[in-house]
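Trainee: here's my sequence, what's the structure:
(chains A, B, C and D)
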Number of protein chains: 2
Amino acid sequence: MDRLESVILFLIDQTSKTAKRFTQRELDKKGWDITIDQWVLLKIVEESNGLSQNELAEKSSRDGASITRSLDILEKKHYLERKATPEDRRQYKISLTPEGQAFIAKNMSLVNKHRAKSLEGFSSEEIKSLKEMLLRIQKNMS
Amino acid sequence: MDRLESVILFLIDQTSKTAKRFTQRELDKKGWDITIDQWVLLKIVEESNGLSQNELAEKSSRDGASITRSLDILEKKHYLERKATPEDRRQYKISLTPEGQAFIAKNMSLVNKHRAKSLEGFSSEEIKSLKEMLLRIQKNMS
DNA sequence: TATCAATAATTGATATATCATTTAATGGAC
DNA sequence: GTCCATTAAATGATATATCAATTATTGATA
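Mentor: Numbers count the residues shown, from 1 in each chain, chains lettered A, B, ... in the order given. Next up, the predicted model:
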């Protein structure tokens, strides 16, 4: 029977927490006014404009209720907006505002710096294989 | 510039969330009355009896305040207990109760089944290299 | 031994996640 | 067209995470 420190799911969770906490603190120091999860939401919207809230929940692996509340916050900051969908009045299409675009533009290089830091010393083959294994685990757990 | 889906830190977080939600739901169905994070705490105590709360926070990559509250819950369920430390009356040593031991014994095989499921199709070399890469990322982010 | 900085755990305030429920709108089946 | 199950998003209740501040204790130093 394995000790916890060698259980992959435990290590993944631990790595996620460690990296997130580290990055969040660094970004707070730089005067960020949003969380990493909110940033991720902005990036998803940037990459796929006009998604519905359910689609955002799916893409970000989060609960729909949680997305509703994050969108409220990001809308209040004027980083993105809900646009009515004429074909289906129950749903919205979410899109970036110019302020949202500007916020991403201003911070992207800092985020890239952190991503690079997390992978210092990794070869591109390693990164490729790591990605692929993470996806396999996700598939196993769904 | 990479799309989010190929950003390692994003994939790690996503994998962690997916696996945790999946496992939590499965365990809830079996009538578990604790969360995965509480389970992890129990397991840490089982593997290293008599740690202080700060040490538990460190090992579980969680905040001390959060540990305090989880311990309150687990103590109320009589799964573990705080024992006074005579050498330092500020700290406690945390240990499993017989009920805690029994709970682990009863559920361990189910947990192992989920761990195995997450790694279906993985060779032991792959697992070894995945572990090692996760630890390297943690080191990079600390 | 009196003082004071450092430390362990707790507590308060606040933010966010999750599940269940509710509301409004949609789209079949009849 | 009416009924009704389904769906999208919002909301309420509850649990947990984080940070900052607090409380009690320790240990070093003057």
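Trainee: spatially central residue in chain A, please.
Mentor: By Cα atoms, centre = their mean, chain A has its centre lying nearest to A:V40, at 2.7 Å.
Trainee: list the helices and strands the helix or strand containing that one packs on?
Mentor: When elements are assigned from DSSP states H and E, A:V40 belongs to helix A:36-47. Using 3 or more Cβ pairs under 8 Å, 6 or more residues apart in numbering or on different chains; DSSP states H and E, the elements in contact with helix A:36-47 are helix A:8-29, helix A:53-60, helix A:64-76, strand A:80-84, strand A:92-96, helix A:98-118. From N, CA and C alone the C-beta is placed, and that goes for glycine too.
Trainee: let's have the ones you listed in TSV, adding mean neighbour count, mean pLDDT and distance to DNA strand C.
Mentor: Formatted as TSV, the entries for the helices and strands packed on helix A:36-47 read as follows, by neighbours: other Cβ atoms under 10 Å in any protein chain shown; pLDDT from 0 to 100; distance: least, Cβ to the nearest atom of the strand, whole Å:
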stretch	mean neighbour count	mean pLDDT	distance to DNA strand C
helix A:8-29	19	92	10
helix A:53-60	17	95	8
helix A:64-76	15	95	3
strand A:80-84	15	95	10
strand A:92-96	19	96	12
helix A:98-118	14	94	15
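Trainee: so which of those is nearest chain B?
Mentor: With Cβ to the nearest Cβ, the closest approach to chain B among the helices and strands packed on helix A:36-47 belongs to helix A:8-29: 4.2 Å.
Trainee: quick check: residues of chain A near DNA strand D?
Mentor: Within chain A, the positions adjacent to DNA strand D are A:17, A:21, A:24-25, A:52-55, A:64-65, A:68-69, A:71, A:82, A:88, A:90-92 by Cβ under 7 Å from any atom of the strand.
Trainee: hmm, try it at 6 Å
Mentor: Neighbours of DNA strand D within chain A, by Cβ under 6 Å from any atom of the strand: A:17, A:21, A:25, A:52-54, A:64-65, A:68, A:71, A:90-92.
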